[in-house]
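In: the sequence and its predicted three-dimensional model are supplied below.
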Amino acid sequence: MRIERLSNDQFKIFLTFDDLIERGFTKDDLWHDASSVRNLFSDMMYEASSELGIELDGMLLVQVHLMQAQGMHIFVTQEYEELTWDDDFIEMKVTLDESKELIFSFNEFEDIIQVSSYLLPLAVEGGKVYHMDNRYYMILDEADFPEINKEDIIGIMSEYSNPSIITSHRLDEYGKVIFPSNAVKKIIDTFY
């Protein structure tokens, strides 16, 4: 679990799926076991407040963004309201959404060429490729592999890359687009 302060009243937690498993949860538990999820988020809030040295009280707006292969980004905003009956009370409003993208980070462009040679025979031709902060990123949307098991794609991608905690919005804003669409097909056409 990684925690980062964004402002005086906002912080971000990144939790990998391995972190989630270590805490006794699966990704499906997040959608179906509300009581346990509340306990998980409460524990994470207290860990974050301890690590960041902030006191949490009042209303916490918790936005959870699940990423397909990477884990989850949890954005927490503390809203300060006048509480008249109990100043130690904390209320959390949690929203949960899920990304349909797979985002992987590569050390070298050669690794993207190699993984593309395994994706194309599976009829995966799409994707986008970016460069940012001396790393390459490939984004595959579920529409890029409609007939293929997502876990198979994650397995192939993991041989040559790492799941990225960078979001597609950040890549769009700060990254340099190398292939805006049909990346796998264009890479194979160019380098093979």
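Out: That came in fine, so what should we check first?
In: what are the bridge partners for N162, then?
Out: Under DSSP bridges, the beta-bridge partners of N162 are S105.
In: I139 bridge partners, please.
Out: Beta-bridge partners of I139, as defined by DSSP bridges: I103, K128.
In: and the pLDDT at A69?
Out: Note for A69: predicted pLDDT of 70.
In: what count of nearby residues applies to the closest residue to it other than its chain neighbours?
Out: Computed as CB to CB, 6 or more residues apart in numbering, the closest residue to A69 that is not its neighbour in sequence is P163, at 4.3 Å. All C-beta atoms are positioned from the backbone trio N, CA, C, and that covers glycine. For P163, the neighbour count with other CB atoms under 10 Å is 18.
In: contacting residues for P163?
Out: Counting by CB atoms under 8 Å, 6 or more residues apart in numbering, P163 makes contact with M67, A69, Q70, G71, L102, I103, F104, S105, I154.
In: would you mind measuring from the residue lying closest to the first one once chain neighbours are set aside to M72?
Out: This means M67. Leaving aside its sequence neighbours, M67 sits nearest to S99 (CB to CB, 6+ apart; 4.9 Å). Counting by CB to CB, to the nearest Å, the separation of S99 from M72 is 10 Å.
In: report the set of residues contacting both of those two.
Out: H65, L66.
In: apart from its neighbours in sequence, what residue is nearest E147?
Out: Excluding its sequence neighbours, the residue lying closest to E147 (CB to CB, 6+ apart) is A123, at 6.8 Å.
In: in this structure the one you found contacts I153, no?
Out: No. In this structure, A123 is not within contact of I153 by CB atoms under 8 Å, at 11.3 Å.
In: the more surrounded of these two?
Out: Legend: neighbour count by other CB under 10 Å for A123 and I153, higher for I153 (23 against 12).
In: what secondary structure does that one sit in?
Out: helix (DSSP: H, G, I helix; E, B strand; the rest coil).
In: pLDDT score for it?
Out: 88.
In: contacting residues for it?
Out: L102, L119, L122, V124, L140, F145.
In: give me the buried entries from the residues you listed.
Out: For the contacts of I153, a burial check counting by 16 or more other CB atoms under 10 Å picks out L102, L119, V124, L140, F145.
In: include distance to G175 and pLDDT when you put these into JSON lines, please.
Out: Formatted as JSON lines, the buried ones among the contacts of I153 follow (distance: CB to CB, whole Å; pLDDT from 0 to 100):
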{"residue": "L102", "distance to G175": "16", "pLDDT": "89"}
{"residue": "L119", "distance to G175": "21", "pLDDT": "94"}
{"residue": "V124", "distance to G175": "21", "pLDDT": "92"}
{"residue": "L140", "distance to G175": "16", "pLDDT": "93"}
{"residue": "F145", "distance to G175": "22", "pLDDT": "83"}
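In: quick one: which of these is nearest D133?
Out: Of all the buried ones among the contacts of I153, L102 has the smallest distance to D133: 19.5 Å, by CB to CB.
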